[in-house]
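Novice: My questions concern the predicted model and sequence given below.
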Amino acid sequence: MATVRIAICGDESVGKSSLLTSLVKDTFVTSRIQPVLPPITLPPSLGTPENVTTTIVDTSALPQERNNLRKEVRKCNVILLVYSDHYSYERVALFWMPYFRSLGVNVPVVLCANKSDLSSTGTSTAQVVEEEMLPVMAEFKEIDSCIRTSAREHHNVNEVFFLCQKAVTHPIAPIYDSKESNLKPAAVEALKRVFYLCDKDQDGLLSDKEIHDFQIKCFDKPLSDADLASIKRSISRERSFSARDDKQGIDIDGFLLLNKMFAEKGRHETIWIILRKFQYSDSCSLKETFVRPKFDVPAFASAELSPAGYRFMVDLFLLHDKDNDGGLSDSELANLFAPTPGVPASWVDSAFPSCTVRNEAGYITLQGWLAQWSMTTFEEPKRTLEYLAYLGFESQDGKGTTSALKITKARKRRNRPGRVERNVFLCYVLGAAQSGKSALLNGFLNRPFSSTYHPTIKPQTAVNSVELQGGKQCYLILEELGELEPAILENQAKLDACDLLCYTYDSSDPDSFAHIVDLRQRYPALNALPSVYTALKADQDRAVQRTEVQPDVYCEGLKMAKPLHVSVSWASISEFFVHLAECATYPSQAFPRSDEEAVDRTALYIALGATVCAGAAFAWVWKRNMMGDR
Ligand SMILES: Nc1nc2c(ncn2[C@@H]2O[C@H](COP(=O)(O)OP(=O)(O)OP(=O)(O)O)[C@@H](O)[C@H]2O)c(=O)[nH]1
Ligand SMILES: Nc1nc2c(ncn2[C@@H]2O[C@H](COP(=O)(O)OP(=O)(O)OP(=O)(O)O)[C@@H](O)[C@H]2O)c(=O)[nH]1
Ligand SMILES: [Ca+2]
C-alpha cells in the first residue's frame, strides 16, 4: 500500500503545529514553536493500520502562504482540518470545505476540535458532537470522521492521526452511504458473494461452523461462543420483521445487516478486512491480478485443467445438483453462477448447453460440465481463470487460480510415435455441405439422429469425454467450421492449435468426396496435421464418386488408412469417436505411413504389446530373485 499523506489545515493558532509536536514529542511544547513545521515521515509500525508509511505536513493559513497550502492540499490523500473556537468552527463550513472543493480535491477530511481543555467545563463531548460536528458532517460528505482533542493535555492526539490514516486505508465512502444510511450497492454485491462462498453447503445459512471458519479466515483468530451468541442477538434485535430463530444460522439478510451495523458504528474497517481477504480492491471490485492473473500459453501448447481444477469443478457440480438428478437445471445453474457475472459469453455464443452432454431433461450432466470446462480452458484459459476466481477456487499451494490449470507440451514434431501428453484435443470436422458433419457432432453428444437438414453457418462445436482403450479418459472437441471453413484453414495459428483433422464425405453422394480433394489442394498446410478419412452415411447405398480416383485409392496413394465407413444411425458410431481420440493421442498413426511400417493402428498395439512384455519380464526377474534367495 502507498503512503498516507496528511495535510494539517485550519485557521491561525488553532493548534495545528502543536498537535504535530504533541504527536512526535509526546509532550506539549509551550515555548513558541515555528509557525510551520517541516513535514515528518513516520515509518510503518504496529500502531498504524495496514502498516503504511505516513507523512504529515503542517500548513499555514496566512495569505502569503496560500500557494504552498494549495500545493500541499493537492498532494495529500487526507486532510486534517483543525478548529478550536467558535470563529474557527464557523470558518469550516464558510471557508475551508468550499475551498477544498474549489481546488478539485476529493479526499477524506478528518475534522478536529482542538483545545478541548479550554472549553468551559459545561460542554460535554456529546454536545460538541451534536451541535458542531453532526451538522457539518451532514453538509459535507467528504468529512470522514470527527474527533475532539487537546494538544496541551495530549488527549486523543494519537487517535486523531490514526483516524486520518484509517480514512485512507479503510475509507467509508466506497462501502457506506451515510446520507442514505445504507451499505453501497457494490459493497452489498461483494458481501453477498462473500456470504455465498462461506455458505459451503449452499443451504442459504451460515452455520456456526461456517461462521467460525469465516472468522478464522478473515481475522486469524477464533470466535468465542459468547461473541457468536452476541452477534446473533444483535442481528435479531435489529430486525424489525419476524425475528427468526437464528439458531440454525445467519442468512444473507442477517449477514448484510451485521455489516451495516459495523459501518454505522464506525467499525467499517471490519468490512474492509473481510472484503480484502476475499480479494476485493479499494473500489469494492475483485482485484484485477486475482481475476486476471498472469498466465501465458506458449505457441503450440495449450492449457488444460489440472487434477485440482477438475476436482474443484466436480465438487461444484455435485454441490449444486440439489435434487441429485445428475443434471443442473436452469435454477441450479443460476445459483452456481450467482457469484460470477453470469454464464460466460462464449458459452452463450455456442448455445450452451447444447454443445455438450445433457440428460433427457436437457440439463447438463457432470460429464458435460467437465467437457465444457475442458473446452473453455482449451480455447480461452483466461476465462477459466476468471471464473475460478469468481467461484472461489482456493489453491492448496497459495499460487492462486493458476494452480487449477496446467500447460501442455507444445505440439511439435507431430508425427513422432507414441502418446501425446495432453488430455484435451481439438478436431476439425471438414467436408462438403450435407456430408453429415452436424449429424456426427450430434451423435457425439448421444443425441438421437434426425433426418431434417439445417445447414451450418456459424462454426459449431461438440465436446465430450471419450474413454480410450485401456480406460484412460480424454476430452475431444469436434468443431464443424460452417461458412468459416476457408478462413480458418487459411489461418496457420488456427491449424497450429488443432490436433486432428477429420475429413468427411457422404458415401451415398457422388459429388461429396471432391470437396476433400479440393481442400487438400488449396490448403497444403493441412498435410502437416494428423488426419482421418471418413465415409459418412454408411447405412445408405454407396455411390461411385465423380473424382478422378475413388476414395480408397486416393488414400492408398497418400499412404493413409482407407476411409472408415460409419453411420450415425448405427450404435457402433461410438467406436469411431474412440478411434478419433486415439488418433489424437497417438498422432503418428494418422500420418502417411513410412514404407516399412505396418498399417493403421499398429502404433497403439505396439505400445500395448510393449507394456505386456515389460510386465512379463518383471515378473520373471522377480521370481528368479525369490528362488535365488532360498
Ligand atoms: N490550551 C490549549 N492551547 C493550545 C492547544 N494547542 C495549541 N495551543 C496553543 O495555541 C497556540 C497556537 O498553537 P500552534 O500550534 O502554533 O497553532 P497553529 O495552528 O500551528 O498556528 P499557525 O501556525 O499560526 O497557523 C499556541 O500558543 C499553543 O500553545 C491545546 O490543545 N490547548
Ligand atoms: N441416412 C443417413 N442420413 C444422414 C446421416 N448423417 C446425416 N444424415 C442426413 O444428411 C443430411 C445432412 O446432414 P448434416 O449433418 O446437416 O450435414 P452437414 O455436413 O452438417 O451439412 P452442412 O452444415 O451444410 O455442411 C441431414 O438431412 C441428415 O439427417 C447418416 O448417417 N445416415
Ligand atoms: Ca452442419
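Specialist: Perfect, thanks for sending it. Ligands and ions are numbered 1, 2, ... in the order given.
Novice: and the one residue in the stretch 101-250 of the chain that gets nearest to ligand 3, how many neighbours does it have?
Specialist: Nearest residue of the stretch 101-250 of the chain to ligand 3 (Cβ to the ion) works out as residue 202 at 39.3 Å. For the C-beta atoms, the positions are set from N, CA and C on the backbone; glycine is no exception. For residue 202, the count of nearby residues is 15 (other Cβ atoms under 10 Å).
Novice: pLDDT score assigned to it?
Specialist: At residue 202, the model reports a pLDDT of 91.
Novice: these two touch, right, it and residue 319?
Specialist: Yes. Judged on Cβ atoms under 8 Å, residue 202 makes contact with residue 319 at a distance of 5.6 Å.
Novice: on that earlier part again, next, the contact list for the residue of the stretch 101-250 of the chain closest to ligand 3, please.
Specialist: Residues counted as contacts of residue 202 (Cβ atoms under 8 Å, 6 or more residues apart in numbering) are 319, 320, 322, 335.
Novice: before we move on, what about residue 499?
Specialist: Each residue near residue 499 by Cβ under 8 Å, 6+ apart is listed here: 411, 420, 422, 425, 426, 427, 529, 530, 584, 587.
Novice: what's the answer for residue 322, then?
Specialist: Each residue near residue 322 by Cβ under 8 Å, 6+ apart is listed here: 202, 332.
Novice: Which helix or strand contains the residue in the stretch 301-450 of the chain positioned nearest to ligand 3?
Specialist: Proximity of the stretch 301-450 of the chain to ligand 3 (Cβ to the ion) peaks at residue 438, 3.2 Å away. Following DSSP states H and E, one finds residue 438 within helix 437-444.
Novice: got it, and residue 516?
Specialist: Secondary structure from DSSP H and E places residue 516 in helix 514-522.
Novice: how about that helix: buried residues?
Specialist: By 16 or more other Cβ atoms under 10 Å, the buried positions in helix 514-522 come out as 515, 516, 517, 519, 520.
Novice: lowest-pLDDT helix or strand in this structure?
Specialist: helix 602-629 (a mean of 38; mean pLDDT, DSSP states H and E).
Novice: Need the three-state assignment for the residue nearest to residue 455 when sequence neighbours are not counted.
Specialist: Closest residue in space to residue 455, ignoring its immediate chain neighbours: residue 433 at 6.5 Å, by Cβ to Cβ, 6 or more residues apart in numbering. Classification of residue 433 using DSSP: H, G, I helix; E, B strand; the rest coil returns coil.
Novice: tally of neighbours for residue 433?
Specialist: Residue 433 - counted by other Cβ under 10 Å - has 15 other residues nearby.
Novice: Would you mind confirming that it makes contact with residue 453?
Specialist: No. With contact defined as Cβ under 8 Å, residue 433 does not reach residue 453; the gap is 9.6 Å.
Novice: Mind listing what's buried along the one helix or strand residue 236 maps to?
Specialist: In the assignment (DSSP H and E), residue 236 maps to helix 225-238. Across helix 225-238, burial judged by 16+ other Cβ under 10 Å covers 228, 231, 232, 235.
Novice: quick one, strands of the stretch 1-150 of the chain?
Specialist: 4-10, 40-42, 54-58, 78-83, 109-113, 143-148 (DSSP state E, counting those that start in this stretch).
Novice: Show the contacting residues for the nearest residue to residue 212 once chain neighbours are set aside.
Specialist: For residue 212, ignoring the flanking residues on the chain, the nearest one in space by Cβ to Cβ, 6+ apart is residue 223 at 5.9 Å. Contact analysis of residue 223 by Cβ under 8 Å, 6+ apart lists 211, 212, 215, 231.
Novice: Show me those that map onto helices.
Specialist: Of the contacts of residue 223, the ones assigned to helices by DSSP state H are 211, 212, 215, 231.
Novice: May I have the predicted confidence score for the last one?
Specialist: In this model, residue 231 is scored at 89, pLDDT.
Novice: just checking, it touches residue 261?
Specialist: No. Counting by Cβ under 8 Å, residue 261 is not a contact partner of residue 231; they are 9.5 Å apart.
Novice: which regions of the chain sit below the pLDDT cut-off?
Specialist: Residues of the chain that meet the criterion pLDDT under 70 lie in 1-2, 27-33, 46-50, 120-122, 240-247, 595-630.
Novice: tell me the domain ranges of it?
Specialist: Following automatic domain parsing, the chain resolves into domains at 4-169, 182-285, 293-407, 426-594.
Novice: OK, contacts around residue 458?
Specialist: Residue 458 touches 482, 483, 484, counting by Cβ under 8 Å, 6+ apart.
Novice: Tell me, how many residues neighbour residue 314?
Specialist: Using other Cβ under 10 Å, the number of residues around residue 314 comes to 13.
Novice: sorry, that was for residue 494
Specialist: Close neighbours of residue 494, defined as other Cβ under 10 Å, add up to 16.
Novice: OK, contacts around the residue nearest to it when sequence neighbours are not counted?
Specialist: Nearest non-adjacent residue to residue 494, counting by Cβ to Cβ, 6+ apart: residue 488, 4.8 Å away. Contacts for residue 488 (Cβ under 8 Å, 6+ apart) come out as 428, 459, 481, 494.
Novice: again, only this time at 10 Å
Specialist: Listed by Cβ atoms under 10 Å, 6 or more residues apart in numbering, the contact set of residue 488 reads 428, 430, 459, 479, 481, 482, 494, 495, 498, 523.
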